[in-house]
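**Student:** structure for this input, please:
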Amino acid sequence: MDKIIRERAENNERMTLSENACLSQNSLGREIFEEECSIRTCFQRDRDRIIHSSSFRTLKHKTQVFLAPAGDYYRTRLTHTLEVSQIARTIARALCLNEDLTEAIALGHDLGHTPFGHAGERALNSASGIDFRHYEQSVRVVTKIEKSGRGLNLTKEVINGIGCHSSGAKAFTLEGQIIRLADRIAFINHDIDDAEAAGVMSEGDIPSHLVSALGSRKSERINNLVFDVVENSKSEICFGSLMGEAFDELTDFMYNRVYSSDICRREDEKAFEIIEKLVSFYKENPDLLPEPYSEICEKEGIPRAVCDYIAAMSDNLALKKFSELFLPKSELK
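**Tutor:** Numbering: from 1, shown residues only. Here you go, the predicted structure:
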């Protein structure tokens, strides 16, 4: 097929996007050279590769805050990822930045997250002997683990945005910088929603001065935060000082009231035990690691391979493996 369709899309970017936007035609490219698609830009192609990856599908069975919830209401890593993508795309569109690049980074940002949320991340970091960070693991997933160890061969802009979405250095594109704030806006607000459903808190518990500054409902808070980012972002993506201070205070409130609550701590202890036992078992039995983790074991060592394998598990698979390995089996018919 003639490449005119892709070229038309690239021309639209040149004509409509900000001078600060990262244009598809100016991408730094991929680690392994590939001929361009005749229809899609390079960032559209990255987005599609992420959506069709096995790691993306697994996100639907990785919980966010409340582990193994009884109802369908609570967020999973997949629904969280979709909410981040929506918020990030809104900001990118308003700032005339590259929405396709923004979406690709947003959809890939949590591919390396562990089962059982941040409790699983802390447990894996403690038990594996690997300095584990989920954002670095997301980069490993797209570069070393997906496609039977071949990786997705994404553009450097997408990989950088994924790796910089949580902490440390800022992404070198404004599109990548959007994800760091969109991620925070999404998870704080949907965690309030989930915490209310779980009976841990209510909207009325949020301090009144934060309600006045940020809004009284989830939709109002998200709208105000997004508007503030759009109003204050020029050469970098940021909140204004007043909104940023209020949002930081709301984040502290959530850590004290929800993430450190008795309900979350009790579930965290269970997650620690499951992850620690799985790590110990596979360290002692590396021959039971499936591909591509057995190959990683040979190249990078047993701890690295075990860490990669368990991080890739869904909550369901981690529970299944724990049950098979450590719980007694009934012989009664």
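**Student:** any idea how far the residue most central in space within the chain is from V142?
**Tutor:** In the chain, the residue lying closest to the centroid (Cα atoms, centre = their mean) is D110, at 2.1 Å. Using Cβ to Cβ, to the nearest Å, one gets 12 Å for the distance from D110 to V142. Backbone N, C-alpha and C define where each C-beta goes, glycine included.
**Student:** find residues that contact each of those two.
**Tutor:** Residues touching both D110 and V142 by Cβ atoms under 8 Å, 6 or more residues apart in numbering: none at all.
**Student:** run the chain-centre distance for stretch 304-314.
**Tutor:** Taking Cα atoms, centre = their mean, to the nearest Å, one finds the center of stretch 304-314 at 16 Å from the center of the full chain.
**Student:** okay, it in CSV with CA atoms only?
**Tutor:** Listed next in CSV are the C-alpha coordinates belonging to stretch 304-314 (Å, rounded to 0.1, in the frame of the first residue of the first chain):
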residue,chain,number,x,y,z
ARG,A,304,16.5,-11.6,38.0
ALA,A,305,14.6,-14.3,36.2
VAL,A,306,12.5,-15.1,39.3
CYS,A,307,11.7,-11.4,39.8
ASP,A,308,10.7,-11.0,36.1
TYR,A,309,8.5,-14.1,36.3
ILE,A,310,6.6,-13.2,39.4
ALA,A,311,6.2,-9.6,38.4
ALA,A,312,4.5,-10.8,35.3
MET,A,313,1.9,-12.8,37.2
SER,A,314,-1.7,-11.7,37.6
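**Student:** buried sites along it?
**Tutor:** For stretch 304-314, burial by neighbour count (16 or more other Cβ atoms under 10 Å) applies to R304, A305, V306, C307, D308, Y309, I310, A311, A312, M313, S314.
**Student:** got it, and stretch 257-269?
**Tutor:** Judged by neighbour count using 16+ other Cβ under 10 Å, the buried positions of stretch 257-269 are V258, Y259, S261, C264, E267, D268.
**Student:** and for stretch 94-106?
**Tutor:** Quick answer for stretch 94-106 (16+ other Cβ under 10 Å): L95, L97, N98, E99, D100, L101, T102, E103, A104, I105, A106.
**Student:** what's near enough to touch the last one?
**Tutor:** Which is A106. T81, V84, S85, A88, R89, I179, A182.
**Student:** same deal with the second one?
**Tutor:** When contacts are counted by Cβ under 8 Å, 6+ apart, L97 is found next to L17, S18, N20, A21, C22, I91, L174, E175, I178.
**Student:** likewise the first one?
**Tutor:** Contacts were defined as Cβ under 8 Å, 6+ apart; by that measure L95 touches S18, N20, L174, V230, S233.
**Student:** 7 Å instead, please
**Tutor:** Residues in contact with L95 (Cβ atoms under 7 Å, 6 or more residues apart in numbering) are S18, V230, S233.
**Student:** next, give phi and psi for it.
**Tutor:** phi -90, psi 0 (degrees, to the nearest 10).
**Student:** how about low-confidence regions in the chain?
**Tutor:** 1, 64-73, 330-333 (pLDDT under 70).
**Student:** mind checking which of the buried residues of stretch 304-314 are in helices?
**Tutor:** R304, A305, V306, C307, D308, Y309, I310, A311, A312 (DSSP state H).
**Student:** and the third one, how far from T251?
**Tutor:** Looking back up the chat, that one is V306. 32 Å.
**Student:** distance of I5 relative to Q177?
**Tutor:** 30 Å.
**Student:** and these two? which has more neighbours close in?
**Tutor:** Neighbours were counted for I5 and for Q177 using other Cβ atoms under 10 Å; Q177 has more, 23 against 14.
**Student:** can you name the next helix or strand after the helix or strand where the more buried one lies?
**Tutor:** Using DSSP states H and E, Q177 falls within helix 174-197. Note on helix 174-197: by DSSP H and E, the next helix or strand toward the C-terminus is helix 208-214.
**Student:** so after that following helix, what's the next helix or strand?
**Tutor:** Immediately after helix 208-214, counting by DSSP H and E, sits helix 218-232.
**Student:** got the angle for that next one vs helix 174-197?
**Tutor:** 160 degrees (axes from the mean of the first three to the mean of the last three Cα atoms, to 10 degrees).
**Student:** tell me the angle whichever helix or strand comes after helix 218-232 makes with helix 174-197.
**Tutor:** Proceeding N to C from helix 218-232, the next assigned helix or strand is helix 241-254, under DSSP H and E. Helix 241-254 and helix 174-197 are oriented at 40 degrees to each other (the same axes, to 10 degrees).
**Student:** how far does helix 241-254 sit from the chain's center?
**Tutor:** Helix 241-254 sits 21 Å away from the centroid of its parent chain (Cα atoms, centre = their mean).
**Student:** now do stretch 137-145
**Tutor:** Offset of stretch 137-145 from its chain centre (Cα atoms, centre = their mean): 12 Å.
**Student:** use 26 as the first number from now on
**Tutor:** In the new count, where the first residue is 26, that last one comes out as stretch 162-170.
**Student:** other residues contacting it?
**Tutor:** 80, 133-137, 176-177, 179, 184, 187-188, 317, 333, 336-337.
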